[in-house]
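Visitor: Give me a model of this one.
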Amino acid sequence: MTGTVAVTGVTGFIGKHIVDNLLSRGFTVRALTRTAHKPSTNTLAWIQGALEDQDSLAELVSGVEYVVHCAGQVRGHNEQTFTNCNVTGSIRLMQAAKESGSCKRFLFISSLAARYPELSWYANSKYVAEQKLSTMASTISLGIFRPTAVYGPGDKELKPLFSWLLRGVLPRLGTPEARLSFLHVNDLAEAVSQWLIAGQSPVHPYELCDGVTGGYNWKRLQEIGAAVRNGRVRLIGIPLPLLKLIADVSMLSSYLARKEPMLTHSKIRELTHQDWSASNKSLSEYINWFPKISLEHALREGLF
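Guide: Numbering: from 1, shown residues only. Next up, the predicted model:
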């Protein structure tokens with residue numbers, strides 16, 4: 001069973017992979033983009049607009065059976081920046097989907113960070129968006145995915161960490177005992193398509209990771225890096241005061257460049273949290289999806 005899927009965030013790292021997977025499964029995709037008009041094909045139509053533009057959202061979802069909401073704000077200098085996009089934008093898209101009269105299923109790509117909304121502006125915005133969409137969904141079947149740290153081809157956030165690891169240096173954020181988890185973008189994209197074709201599942205947030213029970217600690221990452229590169233890896237802790245200083249520099253440089261910063265004091269609380277382990281058990285039970293790419297395999301094969 002296939003159909004037409006409206007997708008936001010298509011020009012981003014995760015969105016590109018989701019669209020590629022949908023097209024390979026035989027879906028037709030309608031993609032929202034801020035940039036100038038792009039040439040459409042029989043299976044991929046571009047809709048110029050943004051989450052702030054209700055008219056373009058109405059055009060995006062007109063006649064579609066499914067919506068995959070992948071767009072999101074990950075950088076910002078204050079809480080309102082995240083709220084405007086991640087909360088208000090999500091509400092607008094759900095409203096458009098309801099008014100279309102054709103949308104049957106709506107998948108919101110949230111984040112594992114939403115498990116702890118008190119940690120950061122980003123985490124709170126994703127959590128609030130989940131709550132708002134759950135209230136609004138009504139007759140539309142809503143899915144909420146909470147992927148952990150996603151990496152893969154095209155990723156710019158985790159690639160530097162893995163590149164340093166394979167050079168023999170692993171910068172550690174937070175305590176040595178902190179639990180981490182990861183998810184390859186191809187596995188996430190596969191889960192999205194699988195959710196669309198699976199039967200309806202209960203509405204609650206589903207965690208996604210690579211399936212490693214309990215996740216990883218920094219020592220385990222060090223061991224994996226050493227095994228892959230067949231050489232020693234130095235684990236270097238980054239003191240919290242230094243992290244905060246780096247955040248201050250990031251904030252200032254972003255302000256001068258008139259760009260939104262990635263690293264802020266709010267983000268540091270998220271990055272240094274003790275427990276980012278996750279479990280796929282609940283999602284796998286409902287949609288028969290299982291991740292295939294482990295972190296060690298990805299590092300060995302250069303899939304990052």
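Visitor: where do the strands sit along this structure?
Guide: 4-8, 28-33, 44-48, 66-69, 105-109, 141-147, 149-151, 169-172, 182-184, 205-208, 234-237 (DSSP state E).
Visitor: and Lys281, which of these is closest to it?
Guide: Between Lys281 and those, the tightest spacing by CB to CB is seen for strand 205-208, at 8.5 Å. In short, each C-beta sits where N, CA and C put it, glycine included.
Visitor: buried residues in the closest one?
Guide: Neighbour-count burial for strand 205-208 flags 205-208 (criterion: 16 or more other CB atoms under 10 Å).
Visitor: Stretch 191-201 now?
Guide: So, applying 16+ other CB under 10 Å, buried residues of stretch 191-201: 191-196, 198, 201.
Visitor: now for these, which pair is the farthest apart?
Guide: Longest span within those, CB to CB: Ser193 and Ser201, 14.7 Å.
Visitor: Tell me if I'm right that Ala71 and Gly89 touch.
Guide: Yes. Between Ala71 and Gly89 there is a contact under CB atoms under 8 Å: 7.0 Å.
Visitor: quick one: Arg115 from Glu223, how far?
Guide: Using CB to CB, to the nearest Å, we find Arg115 at a distance of 27 Å from Glu223.
Visitor: Counting neighbours, go ahead and name the busier of those two.
Guide: Taking other CB atoms under 10 Å, Arg115 and Glu223 do not tie; Arg115 has more neighbours (19 against 15).
Visitor: need the contact list for that one.
Guide: 123, 146, 205, 207 (CB atoms under 8 Å, 6 or more residues apart in numbering).
Visitor: with the buried residues of stretch 191-201 in mind, which one is nearest to Glu270?
Guide: Set against Glu270, the nearest of the buried residues of stretch 191-201 by CB to CB is Ala191 (22.8 Å).
Visitor: What number of residues are in the vicinity of the nearest residue to the closest one once chain neighbours are set aside?
Guide: Nearest non-adjacent residue to Ala191, counting by CB to CB, 6 or more residues apart in numbering: Trp289, 4.8 Å away. Neighbour count for Trp289, taken as other CB under 10 Å: 21.
Visitor: got it, and the one 10 residues further on?
Guide: Leu299 sits with 20 neighbouring residues when counted by other CB under 10 Å.
Visitor: what's the nearest residue to it if we skip its chain neighbours?
Guide: Spatially, and ignoring its direct neighbours in sequence, Leu299 is nearest to Val228 (4.7 Å; CB to CB, 6+ apart).
Visitor: doesn't Ala298 make contact with that neighbour?
Guide: No. Using CB under 8 Å, Val228 makes no contact with Ala298, being 9.7 Å away.
Visitor: Show me which of the two is the more surrounded one.
Guide: The residue with more neighbours, out of Val228 and Ala298, is Ala298; 22 against 19, by other CB under 10 Å.
Visitor: Surely that one and His184 touch.
Guide: Yes. Using CB under 8 Å, Ala298 is in contact with His184, at 5.7 Å.
Visitor: so what sits against both of those two?
Guide: 151-152.
Visitor: Tell me the confidence at the closest residue to Leu51 other than its chain neighbours?
Guide: Excluding its sequence neighbours, the residue lying closest to Leu51 (CB to CB, 6+ apart) is Gly89, at 3.2 Å. pLDDT for Gly89: 98.
Visitor: and Gly89, how many neighbours?
Guide: 22.
Visitor: gap between it and Gly152?
Guide: Distance from Gly89 to Gly152, by CB to CB: 25 Å.
Visitor: Could you do Arg34 as well?
Guide: 23 Å.
Visitor: Over to Phe82?
Guide: Distance from Phe82 to Gly152, by CB to CB: 24 Å.
Visitor: In terms of neighbours, single out the busier of the two.
Guide: For Phe82 versus Gly152, the count of surrounding residues by other CB under 10 Å is larger for Phe82: 26 against 22.
Visitor: Apart from its chain neighbours, what residue comes closest to the more buried one?
Guide: Nearest one to Phe82, counting by CB to CB, 6+ apart, is Ser125 at 3.8 Å.
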